[in-house]
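Participant: structure, please.
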Amino acid sequence: MAEQGTRTAKRRVALTREAIMEAAFRLCSPEGGGVLTFSRLGKELGADPTAVYRHFRDKDELILALVDVMIEEAVELAAVPALGPDRWRESLTATARAVRAVYLKRPVLAVLAASRTTASPAETTSVEQVIGVLHRAGLPVIEAAECYRMLLDLTLAMTQSTASFLVLDEESQAKDDAAWSVKYGLLPADRFPLLHQSAPRLTELFRDDAQVFELVLATFLDGVALKIERARRAG
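Facilitator: I've put the predicted structure just below:
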């Protein structure tokens, strides 16, 4: 009888889209267990899992709604005062760091959603802003759009890679760590002289994805700077 009463109580819980999305974000965080299913959502909300379907057609629709919220968060986090055309690098750096930070707060969702597109007002406004920053810096519109796409892809790809590692169990993470710190470090110098010399640095970078991201971002922006310089000379 008690079990039946519990099921009845669950069916009576009133859900909203906002409550479901908040619960989904909790489940996608490191503290939330890292599994996003409608069954887990039901348990988290104290409701029958089928109640979620009244607000979201399927898991994919839920994920896209969550992505839209993350885009809004990233736009807000990256917001900087109006910058002059020569400060484009600062603006793009802030954008990339914000996207990475927001997604890595929920590693499970980053793995699922980093390659998704919503075409929502938040997303399209963000795209327009980044292209505008590059265009005002001196790039023709098409080149500015290409650089926007490259910036987004490298940011999301590296973020998804980091998130994929974070969702591994501790034993798997330890194995990968050992592969760099032990196996690479013990390679014979006569056969792998360059790897032998660089193994300590590679090990250090393996343990610090944030530093690798900053290196890649800086290298990419150096390339954008050359494009802008050429465009200004030509124009």
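
Participant: separation between the residue most central in space within the chain and residue 131?
Facilitator: Taking CA atoms, centre = their mean as the criterion, residue 103 is the residue nearest the geometric centre of the chain, at 3.5 Å. In this view, residue 103 and residue 131 are 21 Å apart by CB to CB, to the nearest Å. (C-beta placed from N, C-alpha, C; glycine too.)

Participant: what segments of the chain are helices?
Facilitator: Listed in chain order, the helices of the chain (DSSP state H) span 2-12, 17-28, 38-45, 59-78, 88-104, 107-113, 121-137, 141-166, 170-178, 193-206, 209-234.

Participant: out of those, which gets nearest to residue 184?
Facilitator: Across the helices of the chain, residue 184 has its closest neighbour in helix 193-206 (4.7 Å, CB to CB).

Participant: what angle do that closest one and helix 170-178 make?
Facilitator: Interaxial angle of helix 193-206 relative to helix 170-178 (axes from the mean of the first three to the mean of the last three CA atoms, to 10 degrees): 140 degrees.

Participant: what's the average pLDDT for helix 193-206?
Facilitator: Model confidence over helix 193-206 averages 91 on the pLDDT scale.

Participant: which outside residues touch that helix?
Facilitator: 176-177, 180-181, 184-185, 187-189, 211-212 (CB atoms under 8 Å, 6 or more residues apart in numbering).

Participant: buried only: go through those for me.
Facilitator: For the contacts of helix 193-206, a neighbour count by 16 or more other CB atoms under 10 Å gives the buried set as 180-181, 184, 212.

Participant: leaving out chain neighbours, which residue sits closest to residue 53?
Facilitator: Nearest non-adjacent residue to residue 53, counting by CB to CB, 6 or more residues apart in numbering: residue 38, 7.4 Å away.

Participant: enumerate every residue touching the spatially closest residue to residue 137 that is not a sequence neighbour.
Facilitator: Computed as CB to CB, 6+ apart, the closest residue to residue 137 that is not its neighbour in sequence is residue 88, at 3.9 Å. Going by CB under 8 Å, 6+ apart, residue 88 touches 133-134, 136-137, 224, 228.

Participant: tell me the domain ranges of the protein?
Facilitator: 2-13+16-21+23-56, 69-234 (automatic domain parsing).

Participant: gap between residue 133 and residue 92?
Facilitator: From residue 133 over to residue 92 the distance is 7 Å, taken as CB to CB.

Participant: in this protein, where is pLDDT below threshold?
Facilitator: Low-confidence segments of the chain (pLDDT under 70): 1-14, 33-34, 81-82.

Participant: and the gap between the closest residue to residue 56 other than its chain neighbours and residue 74?
Facilitator: Take residue 56 and drop its neighbours on the chain: the residue closest to it by CB to CB, 6+ apart is residue 62, 4.3 Å away. As judged by CB to CB, residue 62 and residue 74 stand 19 Å apart.

Participant: so for those two, which sits in the more crowded spot?
Facilitator: More neighbours surround residue 74 than the other of residue 62 and residue 74, with 24 against 21 (other CB atoms under 10 Å).
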